[in-house]
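1. below is the structure, and that's it, no one-letter string:
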């Protein structure tokens with residue numbers, strides 16, 4: 001473009017390099033090592049332009065180099081009219097995530113992939129564990145923190161209601177915690193999450209009992225195993241934070257993030273129509289309930305739980321000619337990356353790199369996440385392995401429904417095997433039964449889906465016809 005100013009040209013080139021790197025990364029986290037393509041590739045008749053995979057380390061080095069190169073030309077911060085455009089902070093933050101992936105067990109000295117090589121014998125996953133990769137990831141996260149441009153969104157009032165509202169705001173308002181976000185229209189998400197009493201649908205976005213029980217108790221401790229709640233089936237007889245009488249004990253005295261993130265049976269909640277702004281409804285997911293299968297049309301709910309996270313605070317409902325519809329807020333930020341993740345990236349990398357010697361610094365940032373959610377500090381002394389599990393649970397809860405869990409379990413290489421996270425059945429309630437709020441027929445721990453996850457499932461396979469055409473592109477392992 002001949003009449004483009006140099007500043008605009010520099011910015012556009014930088015944004016393009018950033019996005020080219022991100023598209024490579026999104027392929028990398030799904031397929032493992034991929035070919036790096038920096039320009040248009042012409043196909044020769046003899047096939048000489050066919051590209052093989054670069055190694056994981058080559059891919060990571062190239063991604064980091066591209067993000068570093070794009071950073072100087074990017075804007076410092078996004079203007080309101082430019083939300084969604086990458087900034088310097090976005091480049092630094094995505095570098096943090098990429099280096100964390102690179103240091104993780106799936107890619108760092110994983111001997112399961114010892115035989116995964118290109119046709120020329122090049123090893124695609126390094127067979128030598130390198131602890132310094134964790135230090136690179138920690139330093140990259142600290143670079144984001146040290147910009148001073150981002151802050152955790154803190155509750156205006158340190159009350160239960162204040163913590164719940166604040167956590168809901170993180171991913172539904174543009175705020176100083178968000179580093180890079182996609183402006184989103186929330187219509188389909190909201191209509192899929194609202195229980196049937198509000199929309200006439202049945203809340204098709206279902207939530208497993210395993211995720212619901214991963215949230216902490218109100219005192220910050222880990223919840224008992226799911227079976228314990230059902231072996232001693234009981235219900236509350238008082239009103240407490242987030243619950244009313246006759247609430248299943250599993251959902252009583254949980255942390256504020258739970259109530260900000262989950263619709264559960266017998267929850268009293270409102271997304272009222274404008275004509276009745278104080279309306280609250282008690283959610284009946286049992287068969288004949290107001291949000292049960294017999295009462296709702298459309299796509300069905302599978303577990304008796306739906307997400308509440310990402311539903312804007314100002315969401316209401318109205319009755320139109322086509323039934324009940326949600327009124328949602330346009331231009332809502334879906335957080336691609338935010339400071340809460342950076343804190344968790346940092347503590348994971350530091351714990352893996354330095355273990356107990358870094359515990360003071362690790363707890364500083366980990367407790368910041370917990371305190372913002374209304375939970376007490378961790379104050380004990382922990383082994384590296386204990387801290388690892390604490391960090392992983394915090395990450396599962398804090399970043400739920402933000403696109404991390406699937407990729408986290410894969411990079412930790414804990415999805416397969418007898419105890420594999422993805423190799424277990426998931427549970428919910430029995431939606432085919434129940435005629436009243438505390439009906440034990442409904443409150444039955446029910447297998448919703450049997451899941452199978454084998455070693456080959458870590459890497460996405462490439463279409464067989466593509467591998468047959470491009471003989472340099474080796475297939476994913478074990479396919």
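-> Looks like it arrived, so ask away. Treat the numbers as computed from the prediction; the structure is a model and nothing was measured.
2. what sits against residue 25?
-> Shown in contact with residue 25 (CB atoms under 8 Å, 6 or more residues apart in numbering): 63, 94, 98. In short, each C-beta sits where N, CA and C put it, glycine included.
3. list the buried residues of stretch 28-46.
-> Burial within stretch 28-46, assessed by neighbour count using 16 or more other CB atoms under 10 Å, is assigned to 28, 29, 32, 33, 34, 35, 36.
4. next step: those restricted to helices.
-> If you go by DSSP state H, the buried residues of stretch 28-46 have 28, 29 in helices.
5. what's the closest of the buried residues of stretch 28-46 to residue 144?
-> Within the buried residues of stretch 28-46, the smallest distance to residue 144 is 19.1 Å, found for residue 29 (CB to CB).
6. against residue 406, how distant is the closest one?
-> 10 Å (CB to CB, to the nearest Å).
7. can you pull the pLDDT of residue 297?
-> For residue 297, the model assigns a pLDDT of 68.
8. mean confidence for whatever helix or strand residue 407 lives in?
-> Secondary-structure assignment from DSSP states H and E places residue 407 in helix 405-412. Helix 405-412 carries an average pLDDT of 98.
9. by contact count, what packs against it?
-> helix 6-31, helix 88-103, helix 384-398 (3 or more CB pairs under 8 Å, 6 or more residues apart in numbering; DSSP states H and E).
10. against which helices or strands is the next helix or strand after the longest one packed?
-> Once the chain leaves helix 6-31, the next helix or strand it forms, by DSSP H and E, is helix 56-70. The helices and strands touching helix 56-70, judged by 3+ CB pairs under 8 Å, 6+ apart, are helix 6-31, helix 88-103.
11. how far out from the middle of the chain is the helix holding residue 407?
-> Relative to the chain's own centre, helix 405-412 is displaced by 10 Å; criterion: CA atoms, centre = their mean, to the nearest Å.
12. from the helices and strands packed on helix 405-412, which stretch is densest packed?
-> Greatest average neighbour count among the helices and strands packed on helix 405-412 goes to helix 88-103 (a mean of 25), per mean count of other CB atoms under 10 Å.
13. now the angle from the helix or strand that comes right after that one to helix 88-103?
-> Next along the chain after helix 88-103, taking DSSP H and E as the criterion, comes helix 132-145. Compare the direction of helix 132-145 with that of helix 88-103 by axes from the mean of the first three to the mean of the last three CA atoms, to 10 degrees and you get 160 degrees.
14. which is the next helix or strand following helix 132-145?
-> Following helix 132-145 in sequence, per DSSP H and E, is helix 160-170.
15. nearest spatial neighbour of residue 366, skipping sequence neighbours?
-> Excluding the flanking residues, the one nearest residue 366 by CB to CB, 6 or more residues apart in numbering is residue 347, at 4.9 Å.
16. show me what the helix or strand where the one you found lies is packed up against.
-> Per DSSP H and E: residue 347 is located in helix 339-354. Applying 3+ CB pairs under 8 Å, 6+ apart, one finds that helix 339-354 contacts helix 88-103, helix 132-145, strand 178-184, helix 359-372, helix 384-398.
17. which SS class is residue 473?
-> Of the three states, residue 473 takes coil under DSSP: H, G, I helix; E, B strand; the rest coil.
18. phi, psi for it please.
-> The phi and psi torsions at residue 473 (degrees, to the nearest 10) take the values phi -90, psi 100.
19. done for today, thanks.
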